[in-house]
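> the following comprises the amino acid sequence and a computationally predicted model.
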Amino acid sequence: MAGSGNRPISPHLQIWRWGPAMLVSILHRVSGNGLAIAGLGVLLWWLAALADGEASYNAFAAHATAWYGRVVLVGITWAFFNHLCSGVRHLVLDIGAGYELQSNAFWSVVSPVAGVVLTVAFWAIVLFV
């Protein structure tokens, strides 16, 4: 049983003080799973529509260009850019750089902000150019 005897109680979320590095780690996992589930589903649907012919592709395009399709595509785009920025941050940490507290906190904030900025820039280019 937890807490019985002399065994230490494992830290849990009520004990940890939330910080930007925890947020980046959680968002990295969420965006990776979103890419794996929603991204793969949309990719497979798109490929099947391409292979099935013009009518099937037009049905896919109608859903993809509807408001709910755009929301899904923007979400997948955010997941991609967020996962990319967070992955680059983790790569830098893996080579042994960026472990200083101020540097780590700074890049933990920059990573998700860069994901949002890149998503907005991507969709601005797609919609307005």
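Right, received. Where do you want to start?
> poorly predicted segments of this structure, please.
1-5, 7-14 (pLDDT under 70).
> which residues touch the residue most central in space within it?
When the chain is reduced to its mean C-alpha position, the nearest residue by Cα atoms, centre = their mean turns out to be Ser31, at 2.4 Å. Ser31 makes contact with Trp78, Ala79, Phe80, Asn82, His83, Ser86, Gly115, according to Cβ atoms under 8 Å, 6 or more residues apart in numbering. C-beta coordinates here come from the backbone N, C-alpha and C atoms, glycine included.
> show me which positions of the helix or strand harbouring it end up buried.
For Ser31, the host element (DSSP states H and E) is helix 20-34. Using 16 or more other Cβ atoms under 10 Å as the test for burial, helix 20-34 gives Pro20, Ala21, Val24, Leu27, His28, Ser31, Gly32, Gly34.
> what sits against the fifth one?
Same thing as His28. Asn82, His83, Ser86, Gly87, His90 are the contacts of His28 under Cβ under 8 Å, 6+ apart.
> now do 10 Å
Shown in contact with His28 (Cβ atoms under 10 Å, 6 or more residues apart in numbering): Asn82, His83, Cys85, Ser86, Gly87, Arg89, His90, Ser111, Pro112, Gly115.
> residues near the closest residue in space to the first one that isn't next to it in sequence, how many?
Put plainly, it is Asn82. The shortest distance from Asn82 to any non-neighbouring residue, by Cβ to Cβ, 6 or more residues apart in numbering, is to Gly115 (3.4 Å). Using other Cβ atoms under 10 Å, Gly115 has 24 other residues around it.
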